[in-house]
Structures are given as structure tokens and as C-alpha cells.
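Novice: sequence first, predicted model second:
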Amino acid sequence: MSKETSSRLGLLRNPDFGLLFTATALGQLGDRIVFLALPLVAIAVLNAGEFQVGLLTAATTAGSLLIGLPAGAWVDRMRKRSVMISADLVRALLLLSIPLAWWAHLLTIGWLCTAALLHGVLTVFFDVAYVSYVPHLVGRHHLIEGNTRLSAVRSVTSIGGPAVAGPLVGWVGAPAALLASSVGMAASGFLALRMRSREEKPSAGGKRHLAREVKEGLNFVLQHPVLRAITAGDAMFNLFLVLYQTMLLVYLGRDIGLGSLGIGLVLSGMGCGALLGALLATGVARRLGQRRVIWLAPLVTCPPTALMSWARPGWSVCAAAVGLAALSLGGVVRVVSQSSLQQSLTPDRLLGRMSATARFVSWGGIPLGGVLGGVSGSVWGAAVTLWIGAAGMTLSSLVLRRASRVVLRTDLAPIS
């Protein structure tokens with residue numbers, strides 16, 4: 001292998017990183033199909049109303065609120081790779097239960113919400129372990145490269161996932177399409193089984209107290225000026241993002257009249273923006289600095305999402321889709337810089353709790369966003385709800401700018 005080729009491959013030369021890279025692609029492909037198919041099961045199969053769709057969104061995202069804080073402490077006690085494998089395989093079984101229930105004529109909105117809730121809880125454990133495992137696998141000096149490559153493969157699947165999911169839903173129906181999600185999750189888990197890079201089992205260190213460990217992680221994030229500011233900005237952004245997303249499929253499907261293929265193409269456009277963001281993330285972070293990226297990205301790329309609220313059947317949908325692509329581009333650019341900064345500021349023993357605490361605080365309002373999106377859609381309609389979501393996401397950049405100002409006054413030497 002030439003030096004030039006070796007340089008381009010970078011971390012992909014590491015067999016374990018290659019397995020994680022592939023597992024991420026398969027798991028994310030399954031997740032993208034879930035993103036489209038799950039609400040369409042409620043809308044098209046169960047004839048759910050706007051408020052019920054909001055409840056489904058809340059159930060999907062309630063895991064962070066219900067289990068977010070103790071999940072970090074539990075993950076810090078375990079090998080992260082084992083947590084990832086277990087979460088993937090059990091999520092695959094949960095997704096499989098939905099088409100089985102549909103075929104048996106047992107599927108209800110209650111079944112769907114319960115499956116979504118349990119899937120969300122397991123996703124919390126997976127994501128906390130994933131964020132904690134990456135620094136162990138690639139080393140702290142390669143965090144930007146590792147996060148950029150993983151974001152790139154997530155972005156590619158964001159393009160391919162909806163493009164596959166739309167025709168698949170149209171061909172076999174939304175419940176049956178979830179079979180593909182189940183297969184993707186299972187494949188991700190089996191690939192993770194092949195990774196040889198295993199952390200040493202965390203030392204018990206005598207009798208351990210869950211509440212004390214949770215408090216330590218919570219205090220670390222909330223007392224650290226940079227992590228606290230980032231988490232607060234994320235909380236506001238995510239609240240309005242989910243409010244927006246809750247009515248997006250309703251608006252595209254019912255107000256504009258797009259079929260599953262058209263919806264899939266619109267969401268694939270978001271994936272194109274995410275892929276471009278992954279390609280640009282490292283260069284943008286180096287040119288502007290991580291501290292500027294985390295607030296400039298949403299300020300520049302969130303306002304165009306308001307275009308969707310004025311879209312009508314025809315060319316204006318394409319223009320609005322560009323706004324969604326911009327949102328994805330900015331989101332990836334911000335998250336790469338933000339995640340690398342958060343990981344670099346956290347000692348190894350607290351990585352799980354940092355991730356869980358940040359997720360608990362910043363994602364804790366997501367179920368509320370789903371309910372508010374459902375209520376707003378019922379009262380004012382999907383179009384107005386999309387405008388409210390766009391405005392709120394844009395305003396979150398003002399909170400994230402606080403993190404940028406704090407960074408200027410804080411020693412950011414990476415923690416070994």
C-alpha cells in the first residue's frame with residue numbers, strides 16, 4: 001500500500017475501526033428506515049391523528065429522560081463494546097415484533113408506542129457506550145478524524161436510507177419495511193462481536209453507589225462552564241428540532257400529498273446535506289475553530305428550514321428540501337466539533353457519565369417537543385408548527401454562542 005493511499009485511509013487501516021465503521025453504516029441504515037417507516041405505520045396503517053403521532057414521537061425519544069442519568073453510571077461500570085452488542089441485538093428483536101404483530105392483526109398504537117419506548121431506552125445505552133468507546137478505540141489525538149469518518153458514514157446512510165425506505169415502504173408496506181431495520185441492527189451487533197479491541201473491565205473500587213456516581217457525572221457536566229453551555233444550547237435546539245420533525249411527515253404526506261417515494265427523496269436530500277457536512281467538518285473546524293463552529297453552524301443553516309412551511313405541491317417542495325439539506329449540513333459540522341470538544345475535556349472514567357448527562361439534559365425535552373408538536377399541529381396546523389420549529393432552532397445559536405465565549409476563557413488542554 002502506497003504512503004498516499006495509507007494516508008487517505010487513515011483510521012480505516014485499523015481493522016477494529018473498519019468493523020465499527022461498517023457496523024455504524026448498517027445500524028444507521030436500519031435506523032433511517034425506522035425514522036420513515038415507524039410514523040408511517042401510525043399514519044397510514046393505524047390512521048393515527050396528529051396528537052397520536054406526537055405521542056409516538058415522545059415515546060420514541062423518552063428513553064433519555066427516563067433512564068439517561070443512571071445509564072451513564074451503569075455503562076461506566078461495564079465494557080462499552082458489550083453494551084453496544086447487547087443493545088443492537090435486542091433492538092433488532094423489538095423492531096421484528098412490529099411486522100409480526102401486524103401480520104397477526106394485533107398491532108395497535110399502544111403496541112407501537114411501547115416498542116418505540118423500549119427501542120429508545122436501548123438506544124440511550126447504545127449511544128452512551130458508543131461515544132465512550134470511540135476514544136478508547138482511536139485514541140484522543142485522533143478524535144476529530146474518527147468522529148468525522150463516522151459522521152461521514154452516517155451521512156451516506158442518511159442519503160441511502162430514505163431512498164431505500166421510500167420505495168420499500170411503497171412496495172411492501174411500512175410494517176414489513178421494519179424487517180430491514182431489524183436485519184440492519186442485528187448485522188451491526190454481529191460485526192461488533194468481531195472487534196478485538198476490548199477495554200479492561202472497569203475496576204469496582206470497593207462498594208459503588210449508583211446515586212453517588214450519577215451525581216458525580218451530573219456535577220462534572222453542570223459545573224464545567226464549556227460543557228454546561230453546550231448542553232443548554234443543545235437542549236433548546238433539540239426541543240424545537242423534534243417539534244419540527246413531528247409535523248414534517250404529516251405535512252409532507254397529508255398537506256402536500258407526497259407519497260412514500262417522494263418523502264423518501266426529500267429525506268435523502270437531508271442526507272446529501274449531512275454527507276457534505278461530514279466532508280467539510282474537519283476543514284471548517286480547523287479554519288474557524290471548534291468554538292465558533294458550534295454556534296455559527298445553526299445560525300447559518302437553521303433559518304432555511306422555514307421554507308418548508310410555505311411549500312406547496314410542485315417546485316417549491318424542491319426549494320424547501322434544500323433548506324432541510326442545509327439543516328443537516330450544519331448539524332453534522334457542529335456535532336463533529338462539539339463531540340470532539342466534549343470528549344477531549346472529559347477523563348476516561350467519566351466518559352459514559354458525561355455522555356449520559358449531556359444527553360439527559362439536552363435530550364430530556366425531546367418528548368416534550370414531540371407532544372408540543374402534536375398539540376401545535378392539532379391547533380394551528382402542521383405548516384405553522386414547522387415555522388415555530390425553524391425559529392426556535394435558529395435562536396438556539398444564541399445559547400450555543402455562550403459556549404464559544406466560555407471557551408475563550410478556559411484552558412482546553414486535552415485530558416489524558
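Specialist: Cool, the structure landed. Numbers count the residues shown, from 1 in each chain.

Novice: buried residues, the helix or strand containing Gly110. List them.
Specialist: Under DSSP states H and E, the secondary-structure element containing Gly110 is helix 109-138. Judged by neighbour count (16 or more other CB atoms under 10 Å), helix 109-138 contains these buried residues: 109, 112-113, 115-138. C-beta coordinates here come from the backbone N, C-alpha and C atoms, glycine included.

Novice: repeat that for stretch 186-194.
Specialist: With burial defined by 16+ other CB under 10 Å, the residues of stretch 186-194 counted as buried are Ala186, Ala187, Ser188, Gly189, Leu191, Ala192.

Novice: if I pick the last one, what's in contact with it?
Specialist: Okay, so that is Ala192. Residues near Ala192 by CB atoms under 8 Å, 6 or more residues apart in numbering: Leu19, Leu20, Ala23, Arg81, Met84, Ile85, Asp88.

Novice: would you mind measuring from it to His105?
Specialist: Taking CB to CB, to the nearest Å as the measure, Ala192 and His105 are separated by 35 Å.

Novice: swap in the fifth one?
Specialist: Between Leu191 and His105 the distance is 35 Å, computed by CB to CB.

Novice: do the same with the second one
Specialist: For Ala187, the distance to His105 equals 29 Å [CB to CB].

Novice: hang on, the earlier thing: Throw the contacts of Ala192 into CSV and include secondary structure, thanks.
Specialist: As requested, the contacts of Ala192 are exported to CSV (DSSP: H, G, I helix; E, B strand; the rest coil):
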residue, secondary structure
Leu19, helix
Leu20, helix
Ala23, helix
Arg81, helix
Met84, helix
Ile85, helix
Asp88, helix
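
Novice: for these, which one is nearest Ala180?
Specialist: Ranked by distance to Ala180 (CB to CB), the contacts of Ala192 are led by Asp88 at 14.8 Å.

Novice: could you find the closest non-adjacent residue to the closest one?
Specialist: Gly189 (3.2 Å; CB to CB, 6 or more residues apart in numbering).

Novice: let me know the helix or strand that the one you found is in.
Specialist: Short version: Gly189 belongs to helix 174-193, going by DSSP H and E.

Novice: repeat for Leu150
Specialist: Counting by DSSP H and E, Leu150 is found in helix 143-172.

Novice: OK, contacts around the closest residue to Leu280 other than its chain neighbours?
Specialist: Of all residues beyond its chain neighbours, the one nearest Leu280 is Val333 (6.2 Å), with distances taken as CB to CB, 6+ apart. Going by CB under 8 Å, 6+ apart, Val333 touches Gly277, Leu280, Ala281, Val284, Ala285, Val293, Ala297.

Novice: my read: the fifth one touches Ser337, true?
Specialist: In this case it means Ala285. Yes: distance between Ala285 and Ser337: 4.6 Å, which falls inside the contact criterion (CB atoms under 8 Å).

Novice: any residues in contact with both of the two?
Specialist: Among the neighbours of Ala285, those also in contact with Ser337 (CB under 8 Å, 6+ apart) are Val293.

Novice: these two: which is more packed in?
Specialist: Ser337 (26 against 23; other CB atoms under 10 Å).

Novice: could you point out which element follows the helix or strand harbouring Val333?
Specialist: Taking DSSP H and E as the criterion, the element that holds Val333 is helix 315-344. Per DSSP H and E, the first helix or strand lying C-terminal to helix 315-344 is helix 351-363.

Novice: okay, and the helix or strand of the chain with the least pLDDT?
Specialist: Confidence across the helices and strands of the chain bottoms out at helix 3-9, with a mean of 48, counting by mean pLDDT, DSSP states H and E.

Novice: tell me where the model's unsure across the stretch 151-300 of the chain.
Specialist: For the stretch 151-300 of the chain, the stretches with pLDDT under 70 are 155-170, 201-208.

Novice: from Glu199, how far out is the residue nearest to Asp127 when sequence neighbours are not counted?
Specialist: The spatial neighbour of Asp127 that comes closest, neighbours along the chain excluded (CB to CB, 6+ apart), is Arg359 at 6.8 Å. Distance of Arg359 to Glu199, given as CB to CB: 20 Å.
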